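Undergrad: fold the stuff below for me.
(2 chains)
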Amino acid sequence: MTNLIEIKGVRHAYQTPSGRLPVLDGLDVAVPEGGFVAVVGPSGCGKSTLTRLVAGLMKPDEGEVWLHGEKVKGPRSTVGMAFQNPVLLEWRSILKNVMLPLEIVPTKMGRKEQKERARYLLGLVGLEGFEDKRPSELSGGMRQRASLCRALVHKPEVLILDEPFGALDAFTREDLWQTMQKVKEAEPFTGVLITHDLRESIYLADQVVVLSGRPARTQYVLDVPDRGHDIEQLYTPESAEMLAILRHQIEVAQGRAPAEEGAA
Amino acid sequence: MSPRLRKIAVPLAAVVIFLILWELLVWAMGWPNYKMASPSDLVPAFSRYWELFLVMGWQTLWRTVVGLILAIIVGVAIGMVMGFSRTMREALYPLLVGFNAIPKATVVPIVALMFVGAHDFNTVLIAFMISFFPIAVSISIGLSTLEPEYRDILRALGASQSTIFWKIALPKTLPEFFGALKVAVTLAFIGTNLMEIVSPHGRGLGALFDSGKTNSDYPLMFAVLIALAALGILLYYIVVWLESIFAGWAERTPG
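TA: A predicted model of the protein is given here:
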């Protein structure tokens, strides 16, 4: 079966005043259609560079990124993105913010359909009644929900989430995880989630990729069995075991623990 | 008091109190009107020359507005060039700062000699030169400090540079732009009056001030200052009104 997202042997370095700074060094990630992969790794290991590569915002020095059997050469309208900063436009209402991608991407939807679609998504994430509010009138969690709707409004094949819940408090975060599950059921997509929260990675994703420290390569891949949407599942022995493995892998990536035999 | 009434009554009361204090000060110190005219001296000055005030005031107003419009066009253009290109920013900043540091009073005689007799043109030119700097700087800073994520959400969808400019960069810069425009309005008045006062056979309120000086009509000079202040307030509030229309979203309701 072909993968919807395929990252093959990607290497990339940034030019800095003090010379070349390699950030990615032999990165391999494959996401099947409908799959949801979480990417974790030590901070500064090039996770955000990865999102920019998949979104076509930059080209790797070496290696290839494929989306749906096509090599990524530039930005594509089949991608939706959400960042840690919700980047809502303060001069637009929430509804108009969500509809923004439809003003860029060619769409067959009429004006009325576009509005209905945006309203439907806002309802899905629990923001009905807030359509005409300004972003500044919403809480951080609500803004992030709206940002998620904007990423999905043009029905992208691929959803790229770059630490979308990173700036939220623990309760709001768990709330949003559940919203995320609900959204995924109603609006199937193939996703890449960049995160530094291991519990988030095993709750949301069906595969967790651990990156090594900079320059990053794929260090470890953990397959997460589907265990339903109950948040309680995070407190089972099975979850504890997975978290322990991931935590150990992060320590290896940070250079704080030696790699074990057969770990990667 | 209704909030609407309050909005007008409070500043109006402040103006009245200011005039009373001024009158009292002049009366208490026993100053003759060639030292310091009092508000009660201004009433005859205005009523005697009201036609002149209308004609000259209009002269000053339109030249200031034209200078200001030029400053907006050129200032926004320079700001865009500097905001989008780092090279241009590095190249133009010292030139702009240097140009702005030159006191415009010293430029007035140069301009007056350069374009002898072109009084309207000269006045507009000085008003423009003195007021475009804050606009250029605010636009360039607004554009160059746009967070990359704002660009990325549209760029990732394949939006062109101009789409990003119109949909995100421009509206996001509007609050800074209006802030700068408020500064530019008062600067433009200074520019207009510099030229009007200095150039011979001039027109506008500056020339009226100058004729008050030659005729030792001190109340007239003070009356001109008040008229200038009134025009300044008028233009300033027009800008505030435009701001509330185009960038009202940036205003947070207190509380």
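
Undergrad: from here on, just use CA atoms for contacts and neighbour counts.
TA: OK.

Undergrad: taking the stretch 51-200 of chain B, what residue is nearest to chain A?
TA: Relative to chain A, the nearest point of the stretch 51-200 of chain B is B:Leu157 (4.5 Å; C-alpha to the nearest C-alpha).

Undergrad: element containing the residue of chain A found nearest chain B, please.
TA: Ranking the residues of chain A by distance to chain B (C-alpha to the nearest C-alpha) places A:Ser77 first, at 4.5 Å. Element membership for A:Ser77, per DSSP states H and E: none, as it lies in no helix or strand.

Undergrad: measure how buried it is and give me the count.
TA: 22 (other C-alpha atoms under 10 Å in any protein chain shown).

Undergrad: just B:Tyr49 next, same as before
TA: Neighbourhood size, B:Tyr49 [other C-alpha under 10 Å]: 13.

Undergrad: that one falls within a helix, correct?
TA: Yes. Per DSSP: H, G, I helix; E, B strand; the rest coil, B:Tyr49 lies within a helix segment.

Undergrad: so how far is chain A from it?
TA: B:Tyr49 sits 48 Å away from chain A, going by C-alpha to the nearest C-alpha, to the nearest Å.

Undergrad: ranges for the helices of chain B?
TA: For chain B, the helices defined by DSSP state H cover B:3-29, B:39-84, B:86-101, B:104-114, B:119-144, B:148-155, B:161-164, B:170-198, B:204-214, B:218-246.

Undergrad: show me what counts as buried in the last one.
TA: What it means is helix B:218-246. Using 16 or more other C-alpha atoms under 10 Å in any protein chain shown as the test for burial, helix B:218-246 gives B:218-224, B:227-228, B:231-232, B:235-236, B:239-240, B:243.

Undergrad: how about the residues of the stretch 101-250 of chain A by chain B?
TA: A:101, A:104-105 (C-alpha under 8 Å from any C-alpha of the partner chain).

Undergrad: and the residue lying closest to A:Val153 once chain neighbours are set aside, how many neighbours does it have?
TA: Spatially, and ignoring its direct neighbours in sequence, A:Val153 is nearest to A:Ala118 (6.3 Å; C-alpha to C-alpha, 6 or more residues apart in numbering or on different chains). The number of residues packed near A:Ala118 is 26, by other C-alpha under 10 Å.

Undergrad: which ones are touching the residue lying closest to B:Lys172 once chain neighbours are set aside?
TA: Spatial nearest neighbour of B:Lys172, chain neighbours left out: B:Gly142 (7.5 Å); criterion: C-alpha to C-alpha, 6+ apart. B:Gly142 makes contact with B:83, B:169, B:172-173, B:176, according to C-alpha atoms under 8 Å, 6 or more residues apart in numbering or on different chains.

Undergrad: ranking the helices of chain B by burial, who's on top?
TA: Among the helices of chain B, ranked by average contacts under mean count of other C-alpha atoms under 10 Å in any protein chain shown, first place goes to helix B:119-144 (a mean of 25).

Undergrad: just the buried positions in the helix or strand where A:Glu185 lies, please.
TA: Assigned by DSSP H and E, A:Glu185 belongs to helix A:170-186. Across helix A:170-186, burial judged by 16+ other C-alpha under 10 Å covers A:173-174, A:176-181, A:183-184.

Undergrad: tell me what it is packed against?
TA: Secondary-structure packing of helix A:170-186 (3 or more C-alpha pairs under 8 Å, 6 or more residues apart in numbering or on different chains; DSSP states H and E): helix A:140-152, helix A:198-204.

Undergrad: so where's the stretch 1-150 of chain B uncertain?
TA: Filtered on pLDDT under 70, the stretch 1-150 of chain B yields the residue ranges B:1.

Undergrad: interface residues of it facing chain A?
TA: For the stretch 1-150 of chain B, the contact set with chain A under C-alpha under 8 Å from any C-alpha comprises B:149-150.

Undergrad: run the last query once more with 10 Å
TA: B:147-150 (C-alpha under 10 Å from any C-alpha of the partner chain).
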